[in-house]
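Chemist: take a look and give me a structure for this.
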Amino acid sequence: MRTLTKLSKAPGAAPDKAPGTAPAKLKDDADVGTDSTEARRELDDRIQGDGPLARETTQTATQGRAGSARAHESAVKHVTGRAAYIDDLKVPADCLHVALALSPVAHGRLTRLDIERVRALPGVVDAVGFHDVPGHTDIGPVFPGDPLFVGDEISYVGQVLFAVAAESHRAAREAVKAALAAGVAEIDTQPASLDPVAAAEREEFVRPTHVQQRGDWEARLAAAPLVVEGEQFVGGQEHFYLEGQACLVTPTEDEGVVVHTSNQHPSETQKLVAEVLGIPFHAVTVEVRRMGGGFGGKETQASPWACIAALISRRTGRAARLRLPRADDMHVTGKRHPFHNRYRLGVDEQGVIQGGDITVIGDCGYSPDLSDAIVDRAMFHSDNAYSLGEARVTGHRARTHTASNTAFRGFGGPQGMMVIEAAMDDIARRVGEDPLTVRKRNLYRHASDTTQRDVTHYGQTVEQIGLLHELIERLEASSDYWARREAIRAFNQDSPVIKRGLALTPVKFGISFTAKHLNQAGALLHVYTDGSVQINHGGTEMGQGLHTKICQVVARELALDLETVRITATRTDKVPNTSPTAASSGADLNGMAARDACLTLKARLFDFASEHYALDREGMRLTAGQLVAGDGESERRIPWGELVQAAYLGRVSLSEKGFYATPLIHYDRGTGQGRPFYYYAFGAAVAEVSVDTLSGEYQVDRVDILHDVGDSLNPAIDIGQVEGGFIQGMGWLTSEELRWNEAGRLISDGPATYKIPTYGDLPPIFNVELMEGHPNSMASIYRSKAVGEPPFMLGISVWSALRDALASLADYREAPRLDTPATPERVMLAAEALRSHHGDWPPASEEQ
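Modeler: Now for the predicted structure:
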């Protein structure tokens, strides 16, 4: 454990005075009066607090900095239960608890709501509805369309009719139940639109259709030797964060509120709460210490609950807590967008794509939310790692009467990648090649004199193409792909029921917000007079290790031990106007902002030290907890604590703000061309599965992953993100099935009916490695790469391996349609369809 040391005993300072000797004049005494100096000496060693204290910073100064593997900054708190989440916060004795009344129908009109009758119910302290909102009633995050309460039209099962506040959570819920049973709300039920394809055909969209096009795709299709086409349904996904939607709001002494919330976008919640209450933004302070998971589900859809609780808090003058039970949470919040994809591609005899047409239809739910950007990203990633040649990609944003679907890890990218990965398998069966061979032939590659296959369909040049090829070749070798392929074919030849499958799928994922203005971040750095450091930034922590990485950045820049740096809760009154922690950009943006603050503060300290200590400013540096100036015999070392205290006494500011904005990015929606991404992150996975083709049950036998993170900020955390992202992606494509009944009511609304992967679903052989030796080609933070979202799409390898196993039923002549999630039922039906189409396989002699 580090100790507190007085400045006079700081490392490098003079030793204690010998007994009986006259007190020596301390170096810093020159900056204070004679009386003060004498008083300090008299109190020396007798009390604490007589002067600034300096922490020991030299013994372990190189430990834990950016680039090293360190545990999560809250790891001990997590495993001991000391990490505080919203429901753990202590509340005032008079805190109110809020429950919501939800619509039982998917579409209709609220013809009457007797809110006064609700307020008169036993135990009810207050009740609020649409007409009780003093400010904005629409809280759409980007585009209008999200009413806080139903005013007239009901758009989905679970839409909020009104809210009740009571002395306890149970009392509030019972009051809601009693109010609805008493008929306080009258609804005129109307037919609901639940089919996004039909909605697209009727041109019922939440936002206009968008098109990206490069070259003459029609001519390419017409001239192609082969045309391969297909369609697929890609299911949605529930976020299933461990900590549900929750917030605690307390009123301030003026007209404002303080909001504690489990939230990925505090600044947006600050804005919406202020607009709902009709007060200035500065009257609302939003704080987020940590979330128990987010995955995108708390980017926009954590705000409504904060707005409702804030409304009740200001009306009553009491704190208000709102937390959604799991079933309610699943009903009222949006999911990952389901997609209906179609493709028609022209290929040559080798299976290389020459051009084509791709259409994606996103099921957006009832309102825009973030669907415009999500469908855009699906379009951006409909190529994955492959050149589409001359192609058109069209994206529709269909309106249906379900909860407004929202951000989820990958933000539409995974759904877009699925269409081209399905096409790769289909092309391979069509030309009689192994799917890996076809995938490698279609990878982006450097332009030649005759072809340009390094530019995407939206006009961005793909950089680090050599890295993409090397990564796949290394994984191909390390996973022993071809030997296993041969063994699997031999096994399937002799096994009539159990079939094994193998697939290698790559990932190319663009990093940046596609909304350009969001690519900015701020940070606030404080250095205290004992040498300890505090950093605050605009990003939020949801278990992904962002706070840990930011602390490591600061420790690296200031050459300190990681333990010297502490993070504080994200607050809108510390760093304002922040972007959401999303798009895998948390470390890229906030890390650079924190570094900017450190660089500015370092320069200020260097200038001070140069003058104060009469040192040469040139070549001055921080190393191992010390300021070092000069070289060789002229080298001078000043401990960090001593430097900080001298600067304080010299009236030099020890606080600094930092800011960063991502350069180079741009996108023209009018032309569908630009450079929306600062760089691409790459990865690849090999999955092997065994399938019972009679029952449809299957298991994942082995997974090998090689993932590109540039020069990793923290290999331990990054590997954890790769592992977790893969498992979550695998769950999306296999077991996590969302089901609605004919009335539009979600019936998979809890862990009994919605199945996320469990420990038993882990592959028994699970090899994960980070690609080394390839720093980011762009000037990201220490040449690292984002790691939050890209690994999610590695799970596509499992789905492709399932298709490969099923294709063996047709002697690998056909890849079956396999919509997702690929539940055992869907796998069984796909197997039966193949058997009916290929009754001649296997030959009778081989069945015996």
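Chemist: what helix or strand is A310 on?
Modeler: helix 303-316 (DSSP states H and E).
Chemist: do me a favour and average the pLDDT over that helix.
Modeler: The pLDDT scores in helix 303-316 average 98.
Chemist: next, M771: phi, psi?
Modeler: Reported as degrees, to the nearest 10, the phi and psi values for M771 are phi -70, psi 130.
Chemist: got it, and G81?
Modeler: Backbone geometry at G81, expressed as degrees, to the nearest 10, gives phi 80, psi 10.
Chemist: give the contact list for it.
Modeler: If you count contacts by C-beta atoms under 8 Å, 6 or more residues apart in numbering, G81 has none. Where you see a C-beta, it was placed from the backbone N, CA and C, and this is true even at glycine.
Chemist: and E268, how far from L770?
Modeler: Per C-beta to C-beta, to the nearest Å, E268 is found 33 Å from L770.
Chemist: please apply the same query to V565.
Modeler: To L770, V565 is 24 Å away according to C-beta to C-beta.
Chemist: more neighbours: which of the two?
Modeler: Neighbour totals were compared for V565 and L770, and V565 leads with 26 against 18 (other C-beta atoms under 10 Å).
Chemist: isn't the more buried one right up against V533?
Modeler: Yes: if you go by C-beta atoms under 8 Å, V565 and V533 touch, sitting 4.6 Å apart.
Chemist: mind listing the shared neighbours of the two?
Modeler: By C-beta under 8 Å, 6+ apart, the residues touching both V565 and V533 are 554, 558.
Chemist: all strands of the stretch 451-600 of the chain, in order?
Modeler: Applying DSSP state E, counting those that start in this stretch to the stretch 451-600 of the chain gives strands spanning 498-511, 520-527, 533-537, 565-567, 570-571.
Chemist: turn those into CSV, including mean pLDDT and distance to V332.
Modeler: Below are the strands of the stretch 451-600 of the chain laid out as CSV (pLDDT from 0 to 100; distance: least, C-beta to C-beta, whole Å):
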stretch, mean pLDDT, distance to V332
strand 498-511, 98, 30
strand 520-527, 98, 30
strand 533-537, 98, 30
strand 565-567, 98, 32
strand 570-571, 98, 25
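Chemist: among the ones you listed, which is nearest D718?
Modeler: For D718, the closest of those is strand 498-511, at 14.1 Å, according to C-beta to C-beta.
Chemist: ranking helices and strands of this structure by mean pLDDT, which lands last?
Modeler: Ranked by mean pLDDT, DSSP states H and E, the weakest helix or strand in the chain is strand 4-6, scoring a mean of 30.
Chemist: mind listing what the residue lying closest to T662 once chain neighbours are set aside touches?
Modeler: In space, and not counting its chain neighbours, T662 is closest to N519: 3.8 Å by C-beta to C-beta, 6 or more residues apart in numbering. Taking C-beta under 8 Å, 6+ apart, we find N519 in contact with 512-513, 579, 585, 589, 661-662, 665, 678.
Chemist: among these, name the ones in helices.
Modeler: L589 (DSSP state H).
Chemist: show me where the stretch 501-650 of the chain has its helices.
Modeler: Ranges of helices in the stretch 501-650 of the chain, per DSSP state H, counting those that start in this stretch, are 546-558, 586-612, 640-649.
Chemist: redo those helices as TSV? Include mean pLDDT.
Modeler: Formatted as TSV, the helices of the stretch 501-650 of the chain follow (pLDDT from 0 to 100):
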stretch	mean pLDDT
helix 546-558	98
helix 586-612	98
helix 640-649	98
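Chemist: out of the ones you listed, deepest packed?
Modeler: Of these, the one with the most neighbours on average (mean count of other C-beta atoms under 10 Å) is helix 546-558, at a mean of 26.
Chemist: same for that helix, what does it pack against?
Modeler: On a contact count with 3 or more C-beta pairs under 8 Å, 6 or more residues apart in numbering; DSSP states H and E, helix 546-558 meets strand 533-537, strand 565-567, helix 586-612.
Chemist: what's the closest of those to E349?
Modeler: helix 586-612 (42.5 Å).
Chemist: helices and strands around that closest one, which ones?
Modeler: strand 520-527, strand 533-537, helix 546-558, strand 626-629, helix 640-649, strand 655-661.
Chemist: would you mind giving the helices of the stretch 501-650 of the chain as TSV with distance to F411 added?
Modeler: As requested, the helices of the stretch 501-650 of the chain are exported to TSV (distance: least, C-beta to C-beta, whole Å):
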stretch	distance to F411
helix 546-558	17
helix 586-612	14
helix 640-649	41
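Chemist: of all these, which one is nearest I358?
Modeler: helix 586-612 (28.8 Å).
Chemist: could you check the angle helix 546-558 makes with the closest one?
Modeler: Helix 586-612 and helix 546-558 are oriented at 30 degrees to each other (axes from the mean of the first three to the mean of the last three C-alpha atoms, to 10 degrees).
Chemist: chain center to helix 586-612, what's the gap?
Modeler: How far helix 586-612 lies from its chain's middle: 27 Å, per C-alpha atoms, centre = their mean, to the nearest Å.
Chemist: which stretches in the stretch 701-848 of the chain count as helices?
Modeler: 715-734, 796-807, 824-837, 844-847.
Chemist: helices of the stretch 201-350 of the chain, start to end?
Modeler: Using DSSP H, counting those that start in this stretch, helices in the stretch 201-350 of the chain cover 217-223, 266-277, 303-316, 326-332.
Chemist: could I have the CA atoms of the third one written out in CSV?
Modeler: As requested, the backbone C-alpha atoms of helix 303-316 are provided in CSV (Å, rounded to 0.1, in the frame of the first residue of the first chain):
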residue,chain,number,x,y,z
SER,A,303,-34.6,8.9,-21.2
PRO,A,304,-38.4,8.4,-21.0
TRP,A,305,-38.2,7.0,-17.4
ALA,A,306,-36.0,9.9,-16.3
CYS,A,307,-38.5,12.4,-17.8
ILE,A,308,-41.5,10.8,-16.0
ALA,A,309,-39.7,10.6,-12.6
ALA,A,310,-38.5,14.2,-13.0
LEU,A,311,-42.0,15.3,-13.7
ILE,A,312,-43.3,13.7,-10.6
SER,A,313,-40.4,14.9,-8.5
ARG,A,314,-40.9,18.5,-9.5
ARG,A,315,-44.7,18.3,-9.0
THR,A,316,-44.4,16.8,-5.5
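Chemist: list the helices and strands that helix packs on?
Modeler: Applying 3+ C-beta pairs under 8 Å, 6+ apart, one finds that helix 303-316 makes contact with strand 96-102, strand 124-128, strand 160-166, strand 246-251, strand 257-261, helix 266-277, strand 320-323.
Chemist: for T529, which of these is the nearest?
Modeler: strand 257-261 (28.8 Å).
Chemist: what's the closest of the helices of the stretch 201-350 of the chain to K574?
Modeler: Of the helices of the stretch 201-350 of the chain, nearest to K574 by C-beta to C-beta is helix 266-277, at 10.2 Å.
Chemist: re earlier: out of the helices of the stretch 501-650 of the chain, flag the one nearest A283.
Modeler: Comparing these by C-beta to C-beta, helix 586-612 comes nearest, at 25.5 Å.
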